[in-house]
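**Student:** Need a 3D model of the sequence below.
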Amino acid sequence: MRPRRTARWLRVIDSFSNRSCDRLVFEKTWEVNVATGTIKKVVAERGFGFISASDAKEYFFHRNSLDSTLDFDRLVGGESVEFEIEESPKGPRASRVHAA
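**Tutor:** Predicted coordinates:
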């Protein structure tokens, strides 16, 4: 997830003087990329695996990025999952992985 700042103009009316003015208001919104896919490969002794996403890309995931709906030690491959895509120094990876 990465924050995105947006701004918009609001018309504010002062009830005492009955005058109006425009104010610029800044908002922070979060951009989240949610994807679906299946577990492709699990390297149990090293604690990571790969997800084959529906967009035909492959994403790395670590056992710590799994939600409580999935048990890393019981993954064999082929499980349907939903996950968020986040940037890492080595490229995009899956985070917040949970059962679909």
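
**Student:** in the chain, what secondary structure element scores lowest on mean pLDDT?
**Tutor:** strand 2-14 (a mean of 68; mean pLDDT, DSSP states H and E).

**Student:** Can you give the domain ranges for this structure?
**Tutor:** Segmentation of the chain into domains, based on automatic domain parsing, reads 2-31, 34-99.

**Student:** How far away from the center of its chain is stretch 59-77?
**Tutor:** From the chain centre to the centre of stretch 59-77 is a distance of 16 Å (C-alpha atoms, centre = their mean, to the nearest Å).

**Student:** Would you point out which residue is most central in this protein?
**Tutor:** residue 84 (3.3 Å; C-alpha atoms, centre = their mean).

**Student:** quick one on the thing from earlier: mean pLDDT lowest where, among the domains of the chain?
**Tutor:** Here the domains of the chain differ in mean pLDDT, and the lowest is domain 2-31 at a mean of 69.

**Student:** re earlier: quick check: which of the domains of the chain has the most neighbours on average?
**Tutor:** Burial among the domains of the chain, expressed as mean neighbours by mean count of other C-beta atoms under 10 Å, is greatest for domain 34-99, which shows a mean of 15. For glycine as for every other residue, the C-beta is placed from the backbone atoms N, C-alpha and C.
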